[in-house]
Every structure is written in C-alpha cells, then in structure tokens.
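Peer 1: fold the following.
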Amino acid sequence: SGTLEQQITQIKQERDTLQIQHEAAIKAAEERHNAILIEIKTRHNEEISCMQQTLEEEKRTAALTASLREDMTCVLETLLSRQLKEWDTRQNHGLSEELQK
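Peer 2: Numbering: from 1, shown residues only. Take a look at the predicted model:
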C-alpha cells in the first residue's frame, strides 16, 4: 500500500512537471509567433514605405519629363518660327530683286 501511494505521488509529480513543461512550451511558441508577426509587419511597412518613395520619385520624374517636353517644344517652335521668318525674308528679298530687274 505504501508503494502504491509512492507511485501515485510520483505519477502526480510527473504529471505536474509535464503540465509545467507543456505550458512553458506553449508560451515559448506564442512568443515566437508574436515575434514573427512583428517582423512580418515591420518588413511589410518597410516595403510599403519603399514603394511609396519609388512612386513619389516616379511622379517627380514624370513631372520633370513633362516640363522638359514643354520646354523643348517651346524651343523648337521658337527656332522654327525664326527659320520661317528668315525664309520669308529671303523669299521677299529675292522677289524684290526679281521685280527690280
């Protein structure tokens, strides 16, 4: 009967030890899980931030490209206008010489 009580006591102690180990393992798993979630959120936020910066840079590049296109168009129109005036002047000068002959 004494050995049976000892066995029961030993089984209870083993059960208590296993329960403590089980709870510790669950707690450790939850902490790892939370750490992984935090890391995922951090990376996700970093990626979003990077994408937003890239988008802003692309918007600035597009605006600069549009501005440059407008400037180049203006320059080309000015040059073309000048060339047409010079051509008109030469044509008129040529006509004047022809008429004087």
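
Peer 1: residue 50 sits in which helix or strand?
Peer 2: Using DSSP states H and E, residue 50 sits in helix 2-100.

Peer 1: give the residue spans of the protein that score low on pLDDT.
Peer 2: Across the chain, the ranges flagged by pLDDT under 70 are 1, 101.

Peer 1: nearest residue to the middle of it?
Peer 2: Nearest to the geometric centre of the chain sits residue 51, at 0.8 Å (CA atoms, centre = their mean).

Peer 1: from residue 58, how far off is it?
Peer 2: Distance, residue 51 to residue 58, using CB to CB, to the nearest Å: 10 Å. Quick note: C-beta positions are derived from backbone N, CA and C, even for glycine.

Peer 1: check residue 44 too.
Peer 2: For residue 44, the distance to residue 58 - CB to CB - is 21 Å.

Peer 1: for residue 23, same thing?
Peer 2: Residue 23 is 52 Å from residue 58, by CB to CB.

Peer 1: cool, and residue 6?
Peer 2: 77 Å.

Peer 1: state the number of residues packed around residue 17.
Peer 2: Residue 17 has 10 neighbours, counted by other CB atoms under 10 Å.

Peer 1: show me the contacts for it.
Peer 2: Listed by CB atoms under 8 Å, 6 or more residues apart in numbering, residue 17 has no contact partners.

Peer 1: so how many other residues sit close to residue 7?
Peer 2: 10.

Peer 1: my bad, should have said residue 68
Peer 2: Residue 68, neighbours per other CB under 10 Å, totals 10.

Peer 1: what of residue 56?
Peer 2: For residue 56, the tally of surrounding residues (other CB under 10 Å) stands at 10.

Peer 1: for residue 19, same thing?
Peer 2: Count around residue 19 with other CB under 10 Å applied: 10.

Peer 1: same question for the one 5 residues further on.
Peer 2: Summarising burial for residue 24: neighbours were counted as other CB under 10 Å, giving 10.

Peer 1: show me the contacts for residue 68.
Peer 2: Contacts of residue 68 (CB under 8 Å, 6+ apart): none.

Peer 1: that one and residue 78: what is the separation?
Peer 2: 16 Å.
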